[in-house]
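Trainee: just a sequence and a predicted model for now, questions to come.
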Number of protein chains: 2
Amino acid sequence: MVDRGLLESYLHANIPLSAAMGVEVHEWTDKAVTLKAPLAPNINHHRTAFGGSISTIATLAAWSYVHSCLRLRNVTASLVIQRHEIDYRLPITGDFMAKNREVSKADLDTFFARLSKRGRARLTVESEVRFEDLLCAAFTGQFVAMRESGQD
Amino acid sequence: MVDRGLLESYLHANIPLSAAMGVEVHEWTDKAVTLKAPLAPNINHHRTAFGGSISTIATLAAWSYVHSCLRLRNVTASLVIQRHEIDYRLPITGDFMAKNREVSKADLDTFFARLSKRGRARLTVESEVRFEDLLCAAFTGQFVAMRESGQD
């Protein structure tokens, strides 16, 4: 079991933009992180969700998932995003959710084996942004984890 | 000549996230829009600029450029982002800038001709995010403009 409030406090304390966006942790399991955000602080000139907010919450969901994978395995590593792409498919006219797609056990095992052996490993994570169950944006990000010195 | 304050007020009034990020319009010419943002509201857990903020300011610079091209030609159109990709190359440890790369006259002419003829046209715009003249992130976005009904 993982603590939603703990992740939400971590995000708000360390990434103030997540607090400005009103990002909440809706669900956190060992398979996926689901974040939600209200429309008001994320609105644009069309009265729909701003692309920057959509991209940011998709990034946060994917990042939070890898962050939680590292924590659940007690691995201390620095985690950064290297690149991402996002397709905006439908306008969002209300509060919205972002959730990572599940990463296969094989990909996760490879990631952790490389990280242990080489001190550095890359993981591709997809996430989806939905409004009322409609897929409104599809995100793919490459994240790099680096073991901190002194870790085995 | 275009008015930096006007664009900045428009962004802050219509896209509240730009105000939360402290985005300012540093320069606005007919060739490029340069935005800047302070580190503090855009920081992450590594004490560097958060990827979501970097992606957002890159999006805003590219979007603002197309928005200004439309205004300068007195074309009223709805403008949305369709997709983007971004490479994060270097960490950002202070205030940062985003500026679109110049779009060729040929590409702009094609964009406006299509928009006039078909009522809809797509334009690819690149932008760069820099910290102290270092290229820290490279963004490419596809934007779609749609003429509003009643326009000729």
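Mentor: Looks like it came in fine.

Trainee: got the contact list for residue A:119?
Mentor: Residue A:119 is in contact with A:146-147, counting by Cβ atoms under 8 Å, 6 or more residues apart in numbering or on different chains. C-betas here are computed from N, CA, C, even on glycine.

Trainee: quick one: the strands in chain A?
Mentor: Applying DSSP state E to chain A gives strands spanning A:24-28, A:33-37, A:77-88, A:96-100, A:120-131, A:134-147.

Trainee: dump those to a markdown table, plus distance to chain B.
Mentor: Supplementary listing: the strands of chain A in a markdown table, determined by distance: least, Cβ to the nearest Cβ, whole Å:
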| stretch | distance to chain B |
| --- | --- |
| strand A:24-28 | 15 |
| strand A:33-37 | 10 |
| strand A:77-88 | 4 |
| strand A:96-100 | 11 |
| strand A:120-131 | 12 |
| strand A:134-147 | 9 |
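
Trainee: now distance to residue B:120 too, for the ones you listed, in JSON lines please.
Mentor: Formatted as JSON lines, those follow (distance: least, Cβ to Cβ, whole Å):
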{"stretch": "strand A:24-28", "distance to residue B:120": "36"}
{"stretch": "strand A:33-37", "distance to residue B:120": "29"}
{"stretch": "strand A:77-88", "distance to residue B:120": "16"}
{"stretch": "strand A:96-100", "distance to residue B:120": "25"}
{"stretch": "strand A:120-131", "distance to residue B:120": "23"}
{"stretch": "strand A:134-147", "distance to residue B:120": "20"}
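
Trainee: to residue B:97, which of those lies closest?
Mentor: strand A:77-88 (19.8 Å; Cβ to Cβ).

Trainee: contacts for that closest one next, please.
Mentor: A:51, A:54-55, A:58-59, A:63, A:66-67, A:70, A:115, A:122, A:136-148, A:151, B:46, B:51, B:55, B:80-88, B:91.

Trainee: which of those count as buried?
Mentor: A:51, A:54-55, A:58-59, A:63, A:66-67, A:70, A:115, A:136-145, A:147, B:51, B:55, B:80-81, B:83-86, B:88 (16 or more other Cβ atoms under 10 Å in any protein chain shown).

Trainee: including mean pLDDT, could the strands of chain A go into CSV?
Mentor: Listed next are those as CSV, based on pLDDT from 0 to 100:
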stretch, mean pLDDT
strand A:24-28, 96
strand A:33-37, 98
strand A:77-88, 97
strand A:96-100, 98
strand A:120-131, 98
strand A:134-147, 98
